[in-house]
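A.B. asks: What would the 3D arrangement of this be:
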Amino acid sequence: MENNRIERAFFFLLKSGLWGENIWEADLFPLSAEEWSAVYARAVEQTVEGLLYDGLLLLAPENLPPRQMRQKWSVSVDRIERSNRLSNDIIAEQHIFFMTHGLCPILLKGQGVAVAYGAPQHRVCGDIDWYFDKRRHFDLAQLQLTKKGAPTLGRGSPVYLWKGYETDLHDRLFDFHNPFSKNLLKQIRADFPDTTLTIGGREIAVLAPQIQVVQITAHILKHSLSFGIGLRQFCDLAALYDKYAAKLDGKRLELLYSDLGVINWISAVHQLLVDYIGLPADKLPFASNTMDSGLSIIDEVWHGGNFGFTDTSYIKETEGPYIVRKNKTGMLLRRLTKYFSHAPKEALWFPFIHLLNKRKR
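C.D. replies: Numbers count the residues shown, from 1 in each chain. From the prediction side, this is the model:
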């Protein structure tokens, strides 16, 4: 990864925004209007413009971007704040809806992770994800949403629109693909019971921090093996590590990742969190060989953007409202080859389970 001024300024502001500290780097600022425009564009690509904005506020007045850029950035952050408030209200509405029909969903990712941030309202919110422990509850939730008239996105998965917000239903908690990992994951889930958060005035069930960390980590790995993942998801993991450091059983996590065969990949993730996100090394849940992982993932994350949508390696075409990647097979093989030595079990099983799930739809 090139160490140019735009990248350095980007990660400086990201760290400042996340951790509320301005460790001054006098050679970075001021930036030109063109450089500020490039930093902002990168922040939007990575969906972390709200986090960088918080870092922006810590700069000395003479190092702030031009007024027009500040106004543009402020409007974007205001939109993020309003979207977060609306998302919280919709989560509360949906929770009432599901509970009224005898369903007890668990909120995954998203707003359940946002509370780990210093400024939760500045995390860009995406889909609303609900998990159902029982398959019949998962099926019933789809039936009730259909009866309500909620439209589906028609992409082969149970994704519904509720007041314009994508709502994704899940009957699978962890995105690990090795079928022999089920008992390990079942046991750790049982050992760390679910908890609740107040969202939109409602007590909403969420995963315990230990399980939330595993679930987010699995989500990052799944997308790393497929089309790519952006910095926001790594920020999520860093925020969880920071907020719940005292509640995480590091030895148990290290043993789980070793048994799952992903411990070398975790070392590379931890290296990214420390070097680029600015997470203090003592906030990692267990000592990690961050300098010896042998795998650098920052380049593909930086150039790929949020879920790889700005990765120029893909041929992209527009089909209706969606951007469709056309050369997926070749890219998938290259990714699986890259990650095989660091997460061999997942890289081996990923294409088989992916294909099986695709045929079931």
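
A.B. asks: Helix, strand, or coil at the residue lying closest to residue 145 once chain neighbours are set aside?
C.D. replies: In this structure, residue 145 finds its nearest non-sequential neighbour in residue 160, 5.0 Å apart by Cβ to Cβ, 6 or more residues apart in numbering. From N, CA and C alone the C-beta is placed, and that goes for glycine too. Taken by DSSP: H, G, I helix; E, B strand; the rest coil, the conformation at residue 160 corresponds to strand.

A.B. asks: where does the stretch 251-361 of the chain have low pLDDT?
C.D. replies: Where the stretch 251-361 of the chain drops to pLDDT under 70, the residues are 289-294, 306-330, 354-361.

A.B. asks: Could you name the helices and strands sitting against the strand or helix carrying residue 43?
C.D. replies: Under the assignment given by DSSP states H and E, the secondary-structure element containing residue 43 is helix 33-45. For helix 33-45, the contact count by 3 or more Cβ pairs under 8 Å, 6 or more residues apart in numbering; DSSP states H and E identifies helix 5-19, helix 49-56, helix 67-100 as packing neighbours.

A.B. asks: right, and these - which one's nearest residue 336?
C.D. replies: helix 5-19 (27.7 Å; Cβ to Cβ).

A.B. asks: relative to helix 33-45, how tilted is the closest one?
C.D. replies: Relative orientation of helix 5-19 versus helix 33-45 (axes from the mean of the first three to the mean of the last three Cα atoms, to 10 degrees): 50 degrees.

A.B. asks: who's in contact with helix 5-19?
C.D. replies: The set of residues that contact helix 5-19 without belonging to it, under Cβ atoms under 8 Å, 6 or more residues apart in numbering, is 1, 21-23, 25, 28-29, 31, 35, 38-39, 42-43, 48, 50-56, 58, 117-119, 122, 231, 235, 238-239, 242, 276-278, 302.

A.B. asks: What are the buried residues along it?
C.D. replies: Judged by neighbour count (16 or more other Cβ atoms under 10 Å), helix 5-19 contains these buried residues: 6-7, 9-19.

A.B. asks: now those residues as CSV including distance to residue 68?
C.D. replies: Formatted as CSV, the buried residues of helix 5-19 follow (distance: Cβ to Cβ, whole Å):
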residue, distance to residue 68
6, 18
7, 23
9, 18
10, 19
11, 24
12, 22
13, 18
14, 22
15, 25
16, 22
17, 21
18, 26
19, 28
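
A.B. asks: Out of those, the closest to residue 206 would be?
C.D. replies: Within these, proximity to residue 206 (Cβ to Cβ) peaks at residue 18, which comes in at 21.2 Å.

A.B. asks: Below-threshold pLDDT in the stretch 51-200 of the chain: ranges please.
C.D. replies: Along the stretch 51-200 of the chain, the parts satisfying pLDDT under 70 run over 154-156.
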